[in-house]
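Q: Turn this into a model:
(chains A and B)
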Number of protein chains: 2
Amino acid sequence: MPQRIIRLLGGKDEFVSGEKISSELGITRTAVWKKIKLLRKDGFIIKAVPSRGYKLIKTPDLSTDDILAHVKGVFWKDVVFYHTVDSTNETASALSLRSDIQSGTVIVADAQTKGRGRLGRTWVSPPGMNIYMSIILRPEIRPGDATLLTVLAAVACANALREQSGLHVSLKWPNDLVVSDKKTGGILTEVRSDPDRIHVAIIGIGINVNCESRDFPDDIRPIATSLKVETGKYQARSGLIIRILEEFEAWYKALEGRGRRPLLEEWKRLSSTLNRNVKVTMGKETISGLAEDIDEEGMLIVRLSSGTRKRISAGDLTILR
Amino acid sequence: MPQRIIRLLGGKDEFVSGEKISSELGITRTAVWKKIKLLRKDGFIIKAVPSRGYKLIKTPDLSTDDILAHVKGVFWKDVVFYHTVDSTNETASALSLRSDIQSGTVIVADAQTKGRGRLGRTWVSPPGMNIYMSIILRPEIRPGDATLLTVLAAVACANALREQSGLHVSLKWPNDLVVSDKKTGGILTEVRSDPDRIHVAIIGIGINVNCESRDFPDDIRPIATSLKVETGKYQARSGLIIRILEEFEAWYKALEGRGRRPLLEEWKRLSSTLNRNVKVTMGKETISGLAEDIDEEGMLIVRLSSGTRKRISAGDLTILR
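A: Here you go, the predicted structure:
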């Protein structure tokens, strides 16, 4: 229930009347006031002004100051916070056109109004509970190697989430973070490039942290989950983001120093896709076969029943049982 | 000489004093006034205000109204003119983030202050004489096929330039328009993409139309030329742009309707690279061999002396004699 109040108050810079909260939640205004007091005990700073209502000033678990204090250095330059954005990738993309925005800038939002997944699909992004962030990098890699950045972010997230939640988080090619065969996160890497080089890479990360099953729309509820749903425990977002950024930096340095092999091996270790029979849809084409490997460029190698191998850069993958 | 006055007046929305023009050009203020009158006879609209100086209102040969009147339709949606931009690709890139900017929008500028070629190299972009434009497309092609758009633009430009100037314009892989072995134009395609699709492609086109040899800096003068230098004739820019856009549209439709084969055949017909011994530098690596073919994705196939074939997506190519 407090979650639902946060959902009403979060992601906006304005007052919401007690009357509105009471009618949306079907409880009395006195009950609303009690819930607000409980939230304040939990560390939420909520302003209350008679005749105007309530305004959320600060969620206790998401602080860019905390994040910066832990990660700022040679690699991570800045963390920029927004209450609400259309999508963190769009915001990062627009910001990245400015020459004063450095490689290693991270955009974090409490809510997205147009959160996106692959192929323009919606990413459910209520305020106050989940992670929506985009990393801006200006990496010195060739356009064909962009997929490596998705692999890197996926490895960083899986390791950070495993450590912080204790859950067996695995990776489903090309971009899903999975717990108990349900999606708890995803990576969406977008690049601006010419044939010679990548000008900027935007690595979008969405993770369902503290949302409940009821926060997902009916159609995706059966295939989506969150750390809270799986563990029953509330998880502070700042701590998770810090661990993700630390892992990301470490793997990026490993990639620069030791090449792509260790990263790809780690991806394979965390993968729930390899050695499974899969169906992959790419636009109008669908193939089925054994997911055998990922290659040096992060492409999936599928062995068809005919024995031929297909190299796939992107697609919708279903694991066949 | 009139060219040099245009160069002083062009690309800015302000008055330039007669005194400044006279001192820059080393002629009397009366001589300046005479040149201005000659330019006006040629169709230039130049405002003269005592004590403020001269201001260029309109160059006769570059009119977005003319261009739109000829090409606007299902494919080409809008032509947006700027006196001066940093670079048309940067401007197009920023505009393309707006959802109201449609596929088929063309950015045309009279001058660029930070014109760019491949690998961040400078593209000489004085006002009043050349073509600097960027096409915004939202094409339904996969990221790996982005190079086809460079091929397409190169074919369109070569055909339009051959027809309008009578010159034997040829194509040097990956992105040069060449006359008499000197560069008269170039294409710079930049994309914003995720692994599944291209969100937007910006196809930058720069063509040296009416500039003179002295307009090029010393270091590139030996390798650069313009249509004016080669033909001795002044060429209206609007007409050239119209023919480029018409050719581009025709080849785009051919690509959609008949696949990539006809386009690649046309590129080969116009190419001065194939069947030549070449040296290609890609970052720190350099290879030499016979430029044998370009493949279905627009990659150059080079046969090394060892007999092995290399597939190259981008690089600096020198034709060996």
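
Q: A:Gly206 is in contact with A:Ile131, correct?
A: Yes: taking contact to mean CB atoms under 8 Å, the distance of 6.8 Å between A:Ile131 and A:Gly206 places them in contact. Every residue, glycine included, has its C-beta placed from N, CA and C.

Q: what residues are shared contacts of the two?
A: Residues touching both A:Ile131 and A:Gly206 by CB atoms under 8 Å, 6 or more residues apart in numbering or on different chains: A:Gly185.

Q: What parts of chain A come near chain B?
A: Contact residues (CB under 8 Å from any CB of the partner chain) of chain A with chain B: A:90, A:93-94, A:97, A:118-119, A:142-144, A:146-147, A:150, A:174, A:188-197, A:199, A:313-315.

Q: just to revisit the earlier point, higher neighbour count, A:Ile131 and A:Gly206?
A: A:Gly206 (28 against 25; other CB atoms under 10 Å in any protein chain shown).

Q: For the closest residue to A:Trp173 other than its chain neighbours, list the residues it contacts.
A: Residue nearest to A:Trp173 in three dimensions, not counting chain neighbours: A:Thr273, with 4.3 Å by CB to CB, 6 or more residues apart in numbering or on different chains. Each residue near A:Thr273 by CB under 8 Å, 6+ apart is listed here: A:Leu171, A:Lys172, A:Trp173, A:Ala291, A:Leu300, A:Leu317, A:Ile319.

Q: Got the phi and psi for A:Asn277?
A: Torsion angles at A:Asn277 (phi, psi; degrees, to the nearest 10) stand at phi -80, psi 130.

Q: Just give the nearest non-adjacent residue to it, would you?
A: Using CB to CB, 6+ apart and skipping the chain neighbours, the partner closest in space to A:Asn277 is A:Leu320 (4.3 Å).

Q: repeat for A:Leu245
A: Distance criterion CB to CB, 6+ apart; nearest residue to A:Leu245, sequence neighbours excluded, is A:Val71 at 4.7 Å.

Q: okay, the contacts of A:Thr273 in CSV with pLDDT and neighbour count next?
A: Below are the contacts of A:Thr273 laid out as CSV (pLDDT from 0 to 100; neighbours: other CB atoms under 10 Å in any protein chain shown):
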residue, pLDDT, neighbour count
A:Leu171, 97, 25
A:Lys172, 95, 20
A:Trp173, 91, 27
A:Ala291, 96, 23
A:Leu300, 94, 23
A:Leu317, 93, 21
A:Ile319, 92, 15
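
Q: Quick check: strands, which of those are part of them?
A: Counting by DSSP state E, the members of the contacts of A:Thr273 that fall within strands are A:Leu171, A:Lys172, A:Ala291, A:Leu300, A:Leu317, A:Ile319.

Q: from these, which is closest to chain B?
A: Within the ones in strands among the contacts of A:Thr273, the smallest distance to chain B is 10.9 Å, found for A:Leu300 (CB to the nearest CB).

Q: show me what contacts the closest residue to the closest one other than its chain neighbours?
A: What sits nearest to A:Leu300 in space, not counting adjacent residues and going by CB to CB, 6+ apart, is A:Ile312, at 4.6 Å. Under the criterion of CB under 8 Å, 6+ apart, the neighbours of A:Ile312 are A:Val280, A:Met282, A:Ile287, A:Met299, A:Leu300, A:Ile301, A:Val302.

Q: next one: A:Ser271
A: Here A:Ser271 is in contact with A:Ser170, A:Leu171, A:Lys172, A:Trp173, A:Ile294 (CB under 8 Å, 6+ apart).

Q: need the contact list for the second one.
A: For A:Leu171, the residues meeting the contact criterion (CB under 8 Å, 6+ apart) are A:Ala154, A:Val155, A:Ala158, A:Leu177, A:Val178, A:Trp267, A:Leu270, A:Ser271, A:Ser272, A:Thr273.

Q: Now do the phi/psi pair for the fifth one.
A: A:Val178 adopts backbone torsions of phi -130, psi 140, taken as degrees, to the nearest 10.

Q: Bridged to it, which residues?
A: Using DSSP bridges, the beta-bridge partners of A:Val178 come out as A:Ser170, A:Lys183.

Q: you'd agree it is up against A:Thr184?
A: Yes: applying CB under 8 Å, one finds A:Val178 in contact with A:Thr184, separated by 6.8 Å.

Q: The residue nearest to A:Asn277 and A:Ser288 touch, don't they?
A: Yes: counting by CB under 8 Å, A:Ser288 is a contact partner of A:Leu320 at 7.1 Å.

Q: Quick check: neighbours shared by those two?
A: The contact sets of A:Leu320 and A:Ser288 overlap at A:Asn277, A:Val278, A:Lys279 (CB under 8 Å, 6+ apart).

Q: are any of these buried, and which?
A: A:Val278 (16 or more other CB atoms under 10 Å in any protein chain shown).

Q: could the shared contacts of A:Leu320 and A:Ser288 be laid out in a markdown table, adding pLDDT?
A: Putting the shared contacts of A:Leu320 and A:Ser288 into a markdown table (pLDDT from 0 to 100) gives the following:
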| residue | pLDDT |
| --- | --- |
| A:Asn277 | 95 |
| A:Val278 | 96 |
| A:Lys279 | 96 |
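
Q: Check which residues of stretch A:112-126 are buried.
A: Judged by neighbour count (16+ other CB under 10 Å), stretch A:112-126 contains these buried residues: A:Gln112, A:Gly115, A:Arg116, A:Gly117, A:Arg118, A:Trp123, A:Val124, A:Ser125, A:Pro126.

Q: Where does confidence bottom out across those residues?
A: When those are compared by pLDDT, A:Arg118 scores lowest at 87.

Q: Let me see the contact set for that residue.
A: A:Pro174, A:Asn175, A:Gly186, A:Leu188, A:Ala314, B:Asp194, B:Asp196.
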